[in-house]
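1. Got a predicted structure here, sequence first:
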Amino acid sequence: MKRPKLGVNVDHVATVRQARGEHYPDPVHAAVLAESAGADQITVHLRQDRRHIQDRDVRVLRETVGTRLNLEMGATEEMVDIATEIQPDMVTLVPERREERTTEGGLDAVRRADELAPVVDALQDAGCWVSFFIDPSAAQIRAASESDAELVELHTGDFCDASAAFHNRSDTQSSRQAEYDRLVEAATLADGYDLHVAAGHGLNLENIAPVAAIPEIEEFNIGHSIVSRSVFVGFKEAVREMKEAILESREHGFDQV
């Protein structure tokens, strides 16, 4: 059985910093605390509008992260230039729209195949693993495999939304189960293509257990819920809680979605 890894996204530590234009709180400090609490990877999204993470953050993180640095970015010429210079351990290609609050949905690897091919080549030539953040779709998984990406990160937002609706009694159990089944099928298919499988978006302590129980998923990238939880329990404790929840579910399973 694969031991799952936790990637901690520190973007929203930078969101708090940018809200006042201060030099604190520092996402680099958050990364140090996350690693000391058991994080296996640090994830940051350098957006075109620089709304949270800044270029300086990525450069300092490249020098200080002791585990693995995962840079999320749009497939643009500017970002490819930055990534090939800084050389994070992994690059996760994501869709990006200026008007969105956070990443909405997965990268369309099918329609953008020709555009993505040279990006993948350039990043791999620079020594970076390449991951596609995609919806749990067979077509998207096939496209990722054909593009020679090493890893796919399955977008868990629809499952998390269905879980929240179910708990709020505004939706049915069948909707939640259907989204969960999509994740299971996608993870199994991706594993069959010899792709490493990750998952992320909207995961928190209330919904992580069933997703963490999917054996093909090797890592989870989680940010907003950990940063939010840290307001009450501290950053290291918030990371520890999430890591323990993931390992507990993987070891003992989860009987009901």
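-> Structure received.

2. Next one: residue 236 from residue 33, what distance?
-> 5 Å (C-beta to C-beta, to the nearest Å). To be clear about C-beta, it is placed using only N, CA and C from the backbone, and glycine gets the same treatment.

3. Nearest residue to the middle of this structure?
-> Nearest to the geometric centre of the chain sits residue 221, at 3.5 Å (C-alpha atoms, centre = their mean).

4. can you tell me the helix or strand for residue 131?
-> Using DSSP states H and E, residue 131 sits in strand 129-134.

5. picking up where we left off before, what bridges to the residue nearest to the centre of the chain?
-> With DSSP bridges applied, residue 221 shows beta-bridge pairing to residue 7, residue 200.

6. list the contacts for it?
-> The contact partners of residue 221, by C-beta atoms under 8 Å, 6 or more residues apart in numbering, come to 7-9, 41, 43, 70, 92, 153, 198-200.

7. from those residues, which single one is nearest residue 139?
-> The closest of those to residue 139 turns out to be residue 153 (C-beta to C-beta; 16.3 Å).

8. Please, where are all the helices along the stretch 1-150 of the chain?
-> Secondary structure of the stretch 1-150 of the chain (DSSP state H, counting those that start in this stretch): helices at 11-20, 27-36, 55-64, 77-86, 113-125, 138-146.

9. got it, and the stretch 151-257 of the chain?
-> 157-167, 173-192, 208-212, 224-233, 235-252.

10. Now do the buried residues in the lowest-mean-pLDDT helix or strand in the chain.
-> Counting by mean pLDDT, DSSP states H and E, the weakest-scoring helix or strand in the chain turns out to be helix 157-167, with a mean of 83. Judged by neighbour count using 16 or more other C-beta atoms under 10 Å, the buried positions of helix 157-167 are 157-164, 166.

11. picking that back up, got TSV for the helices of the stretch 151-257 of the chain, with distance to residue 77 too?
-> Output for these, formatted as TSV (distance: least, C-beta to C-beta, whole Å):
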stretch	distance to residue 77
helix 157-167	28
helix 173-192	28
helix 208-212	34
helix 224-233	29
helix 235-252	35
